[in-house]
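Q: Any chance you can model this:
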Amino acid sequence: MQLKANLRVISLIPSATDLLVSLNVDKKLVGVSTYCFVNKRICNLPKIGTALSFDWEQMISLNPGLVMIDKYTSNKDIKNFKKLNIKIMMVKHESIKDIQDSILKIGKVFNINKKARNLHNNFKQKLNSFKNKLINKKIIFNLSERSSSKSINSSLVIGTNTFYHDIIKILGAKNIVKTSGYKSFDIETLMSLKPDIVYCIREKSNLSKHTKDLWTQLYPNAKIRVITSKEAFIPSIHIVKFIKELI
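A: Here you go, the predicted structure:
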């Protein structure tokens, strides 16, 4: 699928928007996700919604030729795109390989293959620079916890088949959460784990000390790190900034 030079694009996937900006084709954007994070100019574009739920009337008014969606977009919406003769690009960023594949896919669609290959290779090179930096360290990534004022009751932890797990593998470390995807662990399950490092990935830093204190109480012999960078939440090429914070 190659598209017209004057194509109008809507991206409902923040990480895909980031790749468009990185490949210098963001001037084609006319609408973005509610959760746009890239930069002020891009995020001032009309916010259409998310891949799961968006404003059809607003979208049609922008006359897009291509809309970037993901697996959460309903079959009904996909059929409507086809009826309206709006092309779609399915984006999947669940692993680092998915991100790399998306770079090349965007390059093909927008006829910028050389630029995409350069970005792909540069991203791969940066990832390789982190290889085995935390060799054999036993790691827990968590996104939140439920707690009383003094102790953790449960936590949303990150397992296999995620881009976070891929990062752990690059670092040469071991993800001691063996379940797939994102799962809530109760306190008994958490207590059975023996991590060397716990990374608490949070959107806001105002509770960092409280979060660190809770996890230190649970794992007094582990290193506890609270990470609040926005790059930690967006599976795109800028995860390299997040990985730097892990080391």
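
Q: And residue 207, how far from residue 214?
A: Look at residue 207 and residue 214: by C-beta to C-beta, to the nearest Å, they are 10 Å apart. All C-beta atoms are positioned from the backbone trio N, CA, C, and that covers glycine.

Q: how much distance is there from the lengthiest strand in the chain to the middle of the chain?
A: Using DSSP state E, we find that the single longest strand of the chain is strand 138-147. How far strand 138-147 lies from its chain's middle: 17 Å, per C-alpha atoms, centre = their mean, to the nearest Å.

Q: helix or strand right after that strand?
A: Per DSSP states H and E, the first helix or strand lying C-terminal to strand 138-147 is strand 152-158.

Q: which secondary structure elements does the helix or strand following that following strand contact?
A: Sequence-wise, the next helix or strand downstream of strand 152-158 (DSSP H and E) is helix 163-170. Helix 163-170 is packed against helix 96-109, strand 138-147, strand 174-175, helix 239-246, with contacts defined by 3 or more C-beta pairs under 8 Å, 6 or more residues apart in numbering; DSSP states H and E.

Q: now for the ones you listed, which one comes closest to residue 220?
A: Of all the helices and strands packed on helix 163-170, the one in closest proximity to residue 220, counting by C-beta to C-beta, is strand 138-147 (14.4 Å).

Q: Now the closest one: buried residues?
A: Neighbour-count burial for strand 138-147 flags 138, 139, 140, 141, 142, 143, 145, 147 (criterion: 16 or more other C-beta atoms under 10 Å).

Q: Let's have those in JSON lines, adding distance to residue 173 and pLDDT.
A: Listed next are the buried residues of strand 138-147 as JSON lines, based on distance: C-beta to C-beta, whole Å; pLDDT from 0 to 100:
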{"residue": "138", "distance to residue 173": "7", "pLDDT": "98"}
{"residue": "139", "distance to residue 173": "5", "pLDDT": "98"}
{"residue": "140", "distance to residue 173": "11", "pLDDT": "97"}
{"residue": "141", "distance to residue 173": "10", "pLDDT": "97"}
{"residue": "142", "distance to residue 173": "15", "pLDDT": "96"}
{"residue": "143", "distance to residue 173": "18", "pLDDT": "95"}
{"residue": "145", "distance to residue 173": "21", "pLDDT": "93"}
{"residue": "147", "distance to residue 173": "26", "pLDDT": "90"}
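
Q: of the residues you listed, closest to residue 129?
A: Distances from residue 129 to the buried residues of strand 138-147, taken by C-beta to C-beta, are shortest for residue 139, at 18.9 Å.

Q: which strand residues sit across from that closest one in the sheet?
A: Legend: beta-bridge partners of residue 139 under DSSP bridges are residue 175, residue 197.

Q: Quick check: it touching residue 200?
A: No. With contact defined as C-beta atoms under 8 Å, residue 139 does not count as touching residue 200 (11.8 Å).

Q: Helix 163-170 and the longest helix seen in the chain, what's the angle between them?
A: The helix spanning the most residues in the chain, taking DSSP state H as the definition, is helix 113-128. If you take axes from the mean of the first three to the mean of the last three C-alpha atoms, to 10 degrees, helix 113-128 sits at 60 degrees to helix 163-170.

Q: in helix 113-128, what's buried?
A: Per 16+ other C-beta under 10 Å, helix 113-128 contains these buried residues: 115, 116, 119, 120, 123, 127.
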